[in-house]
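J.: quick one: sequence plus predicted model below, questions after.
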Amino acid sequence: MSAPDRYPVPAGRHRVEAEVKHSRFVTTVTRAGSVDEAVAFVREVSDEFPDATHHCWAYVVGPPGDTARVGMSDAGEPHGTAGRPMLSALLHGGLGDVVAVVTRYYGGSKLGTGGLVRAYGGGVQAALASCPRGEHVELATVSVTVAYAAVSAVQQLFPVCEAEVRSEQYGEDVHYVVSVPVSRVEQLRAAVLDATRGKGTVAASTEDAS
């Protein structure tokens with residue numbers, strides 16, 4: 001099964017805090033379109049709170065729930081009590097391309113295995129629940145060439161197909177380069193051919209964008 005060409009992602013950095021038995025848990029999430037971006041964000045948050053006891057993290061790069069590119073770390077907490085519940089929360093949180101760091105300031109009281117799992121997993125769940133959302137859209141660059149007589153009709157098709165004109169050239173014919181969601185390419189192709197009675201041409205190549 002191919003990956004979806006559009007899916008929800010964090011709109012930007014988002015943070016929530018909670019206190020559990022005097023320990024302070026600061027959960028920070030953001031968008032990460034690559035593993036390198038996720039790792040860099042973990043480092044950035046760790047540098048922001050250099051005096052914290054732990055910086056546990058997890059990430060999912062790709063569509064919501066996709067496990068092809070994931071990572072996690074307990075960062076010194078007992079094995080399986082931080083990174084795994086955080087990753088589970090991300091995988092079930094409905095967002096793709098997301099990284100989470102939970103920064104803990106130890107408050108003097110041990111939480112136990114179950115308490116840690118709830119604190120770390122719950123922090124991520126709370127952050128995702130209130131996180132502003134954007135959208136990842138995989139775009140295709142499409143070249144559209146039509147006769148002058150079809151210009152008006154074709155220009156009206158572009159917004160219907162979510163196509164954004166990048167450039168236009170006027171010569172013997174009119175040539176447009178547009179960006180359009182991959183899922184809309186065939187719709188645009190059919191509409192252009194219909195509007196030009198089969199005389200227009202549509203050629204597409206794929207790119208990643210948001």
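T.: That came through, no problem.
J.: can you report how many residues lie near residue 197?
T.: Using other C-beta atoms under 10 Å, residue 197 has 9 neighbouring residues. Glycine gets a C-beta too; all of them are placed from N, C-alpha and C.
J.: nope, residue 182 is what I meant
T.: Count around residue 182 with other C-beta under 10 Å applied: 18.
J.: mind listing what the residue nearest to it when sequence neighbours are not counted touches?
T.: The shortest distance from residue 182 to any non-neighbouring residue, by C-beta to C-beta, 6 or more residues apart in numbering, is to residue 5 (4.0 Å). Counting by C-beta atoms under 8 Å, 6 or more residues apart in numbering, residue 5 touches 137, 138, 181, 182, 183.
J.: what do you get if the cut-off is 6 Å, keeping everything else the same?
T.: Neighbouring residues of residue 5 by C-beta atoms under 6 Å, 6 or more residues apart in numbering: 138, 182, 183.
J.: shouldn't residue 54 be in contact with residue 74?
T.: No: if you go by C-beta atoms under 6 Å, residue 54 and residue 74 don't touch, sitting 8.1 Å apart.
J.: before we move on, back to that, just the ones in strands from the contacts of residue 5, please.
T.: Counting by DSSP state E, the contacts of residue 5 place residue 138 in strands.
J.: same list (the contacts of residue 5) but as CSV, adding distance to residue 50 and pLDDT.
T.: Shown next, in CSV, are the contacts of residue 5 (distance: C-beta to C-beta, whole Å; pLDDT from 0 to 100):
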residue, distance to residue 50, pLDDT
138, 38, 87
182, 43, 88
183, 45, 86
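J.: a markdown table please, covering the contacts of residue 5 and showing distance to residue 89.
T.: Output for the contacts of residue 5, formatted as a markdown table (distance: C-beta to C-beta, whole Å):
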| residue | distance to residue 89 |
| --- | --- |
| 138 | 25 |
| 182 | 29 |
| 183 | 28 |
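J.: now, among the contacts of residue 5, which is nearest to residue 62?
T.: Within the contacts of residue 5, the smallest distance to residue 62 is 11.6 Å, found for residue 138 (C-beta to C-beta).
J.: what is the neighbour count of that closest one?
T.: 17.
J.: does it touch residue 182 like I think?
T.: Yes: the criterion here is C-beta under 6 Å, and residue 138 meets it with residue 182 at 4.9 Å.
J.: count the residues that sit near residue 19.
T.: Burial measure for residue 19: 11 neighbouring residues, criterion other C-beta under 10 Å.
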